[in-house]
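> structural data only, the sequence is not supplied:
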């Protein structure tokens, strides 16, 4: 069985959990606590697995994979059913662009190590940190709403079944709600998030349902 | 001919230029100046092409693609020679993870809009901004050096020919040098960057060689 190193509240780990569930792949979960012991992801033993010192890591025999989107693409190539990316090259490009719009433009800015730097090195208080997070999530999800504008009919981001775009969107919406971002001007995103929330694969991947949840 | 909307100094546009050159695909270049007119990427006409208001955008007939990694994967699927990703699923996952380690963990933090917020809203001076950039580039490239540690023999990141990983690495090294990041503890990265710099595809993609260079 594959070993999955994650943390209940990590968006990147949350993405992978949804993908495992959609593919119906069980994993042996190893919790890496991002706060305890000064951050278990920084330990020498974990860095030997993942030189970036980030969650998640997937271990399959001798193979060690990092970066959630690379893990999910690998999963989709090695376990093709149900597919998480559409067939045509241009459709795939749109789905990947949407996923990257979240993974590259929103999520990195609210990462723990960035928030730590803002607090410790730049002296930001909690209010300033919340404003920082809300700013990038709100601007970033607003642009994502624009990317979905032409697709008002489909229940999920890009079609009749959930895929990579939905896998990235749902954890970002979870984090938007945590930081009190106003999503009222993003009806398409709210609608997709609701459709996903009704699916067992998404439900079981929710941070509150994880063994390491606090 | 495809139309490519970019900016000479954008790392994301730089990545795409290297990919076009490796594939020997000519494009019709449309410069989008990120500073002039309050940022041409924010104009209504550009946002109609790219709702995120970021460069690059690739236009191929009716098709509009955004996000550099999605554009490069599309290019590799539609113009397979020379391949920018290896054949096996696990080899592909390692290359993608390396590319994402740059595109998700380093580049977003030194984006113009982030630096603008740090300066205008948080009052950081130039020295503080430089420290911010150096911190993430140095930490991020240090981790990338770790990802390459097992591959000391190959001239490029992951083999005998340049691919997606090198395409992401070279613009990041360019920006590291611009911000005065010390790369002396990263021999593998310096070695790959030097091998790439000798190739015409990389040379012609350099920011200083673009029509909109300043």
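Ah, there it is. A quick note: this is a predicted structure, and the numbers were derived from the prediction, not measured.
> is the residue of chain A most remote from its centre in a helix, a strand, or coil?
Using Cα atoms, centre = their mean, the residue of chain A lying farthest from its centre is residue A:123. It sits 27.8 Å away. Secondary structure for residue A:123, judged by DSSP: H, G, I helix; E, B strand; the rest coil, is coil.
> and if you look at residue A:15?
The three-state label given to residue A:15 by three-state DSSP is helix.
> list the contacts for it?
Taking Cβ atoms under 8 Å, 6 or more residues apart in numbering or on different chains, we find residue A:15 in contact with A:68-69, A:72, A:167-168, A:171. C-betas here are computed from N, CA, C, even on glycine.
> what's the closest of these to chain B?
Among the contacts of residue A:15, residue A:69 lies closest to chain B (Cβ to the nearest Cβ), at 5.7 Å.
> quick one: the residue farthest from the centre of chain A and residue B:123, what's the gap?
As defined by Cβ to Cβ, to the nearest Å, residue A:123 lies at a distance of 11 Å from residue B:123.
> swap in residue A:21?
45 Å.
> just the helices in chain A please.
Counting by DSSP state H, one finds helices in chain A at the ranges A:11-23, A:44-49, A:68-78, A:89-103, A:112-120, A:126-148, A:164-178, A:187-197, A:200-203.
> with mean pLDDT added, can I get those in CSV?
Converted to CSV, the helices of chain A look like this (pLDDT from 0 to 100):
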stretch, mean pLDDT
helix A:11-23, 98
helix A:44-49, 91
helix A:68-78, 98
helix A:89-103, 97
helix A:112-120, 95
helix A:126-148, 95
helix A:164-178, 97
helix A:187-197, 96
helix A:200-203, 98
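> those helices: which one's closest to residue B:49?
Smallest distance to residue B:49 across the helices of chain A (Cβ to Cβ): 11.0 Å, for helix A:126-148.
> who are the packing partners of the closest one?
helix A:89-103, helix A:112-120, helix A:164-178, helix A:187-197 (3 or more Cβ pairs under 8 Å, 6 or more residues apart in numbering or on different chains; DSSP states H and E).
> out of the ones you listed, the one nearest chain B is which?
helix A:89-103 (3.8 Å).
> in the closest one, what's buried?
For helix A:89-103, a neighbour-count test (16 or more other Cβ atoms under 10 Å in any protein chain shown) marks A:89-90, A:92-103 as buried.
> which other residues reach it?
By Cβ under 8 Å, 6+ apart, helix A:89-103 touches A:12, A:68-69, A:85-86, A:140, A:143-144, A:147-148, A:157-158, A:163-165, A:167-169, A:172, B:52, B:63, B:65-67, B:69-71, B:73-74, B:77-78, B:100, B:103-104.
> kindly recompute the last result at 7 Å.
A:69, A:85-86, A:140, A:143-144, A:147, A:157-158, A:163-165, A:168-169, A:172, B:52, B:63, B:65-67, B:69-70, B:73-74, B:77-78, B:104 (Cβ atoms under 7 Å, 6 or more residues apart in numbering or on different chains).
> could you measure the residue nearest to residue A:81 when sequence neighbours are not counted against residue A:94, distance?
Distances taken as Cβ to Cβ, 6 or more residues apart in numbering or on different chains put residue A:23 closest to residue A:81, at 7.4 Å, once the chain neighbours are dropped. The gap separating residue A:23 from residue A:94 is 22 Å, by Cβ to Cβ.
> next one: residue A:53
In terms of Cβ to Cβ, residue A:53 sits 32 Å off from residue A:94.
> again, but for residue A:13
Separation of residue A:13 from residue A:94 (Cβ to Cβ): 25 Å.
> just residue A:55 next, same as before
Going from residue A:55 to residue A:94 by Cβ to Cβ gives 28 Å.
> break chain A into its domains for me.
A:2-82, A:89-201 (automatic domain parsing).
> and residue A:137, what is it in contact with?
By Cβ under 7 Å, 6+ apart, the residues touching residue A:137 are A:106, A:110, A:175-176, A:179, A:181.
> beta-bridge partners for residue A:27, please?
residue A:2 (DSSP bridges).
> now do the contacts for it.
A:1-4, A:20.
> residue A:74 too?
A:65, B:89-90, B:93.
> among those, which pair sits farthest apart?
A:65 and B:89 (9.9 Å).
> number of nearby residues for the nearest residue to residue A:177 once chain neighbours are set aside?
Once flanking residues are discounted, residue A:177 sits nearest to residue A:183: 7.7 Å by Cβ to Cβ, 6+ apart. For residue A:183, the count of nearby residues is 17 (other Cβ atoms under 10 Å in any protein chain shown).
> spit out the contact partners of residue A:183.
A:176, A:189-190 are the contacts of residue A:183 under Cβ under 7 Å, 6+ apart.
> try it again at 10 Å.
A:137-138, A:141-142, A:145, A:173, A:176-177, A:189-190, A:193 (Cβ atoms under 10 Å, 6 or more residues apart in numbering or on different chains).
> same check, this time on residue A:199
Residue A:199 touches A:18, A:21-22, A:156, A:161-162, A:166, A:170, A:205, counting by Cβ under 10 Å, 6+ apart.
> distance check, it against residue A:192.
11 Å.
> which residues do these two both contact?
Joint contacts of residue A:199 and residue A:192 (Cβ under 10 Å, 6+ apart) are A:156, A:162, A:166, A:170.
> farthest pair in the residues you listed?
Pairwise distances across the shared contacts of residue A:199 and residue A:192 peak at 10.3 Å for A:156 and A:170 (criterion: Cβ to Cβ).
> and those two? which has more neighbours close in?
residue A:170 (26 against 19).
> doesn't residue A:205 make contact with the more buried one?
Yes - judged on Cβ atoms under 10 Å, residue A:170 makes contact with residue A:205 at a distance of 8.1 Å.
> now for those two: what residues contact both?
Common contacts of residue A:170 and residue A:205 (Cβ under 10 Å, 6+ apart): A:14-15, A:18, A:196, A:199.
> ok, now which ones touch residue A:88?
A:94, B:77.
> I misspoke; the intended subject was residue A:212.
Applying Cβ under 10 Å, 6+ apart, the residues contacting residue A:212 are A:6-9, A:13, A:29-33.
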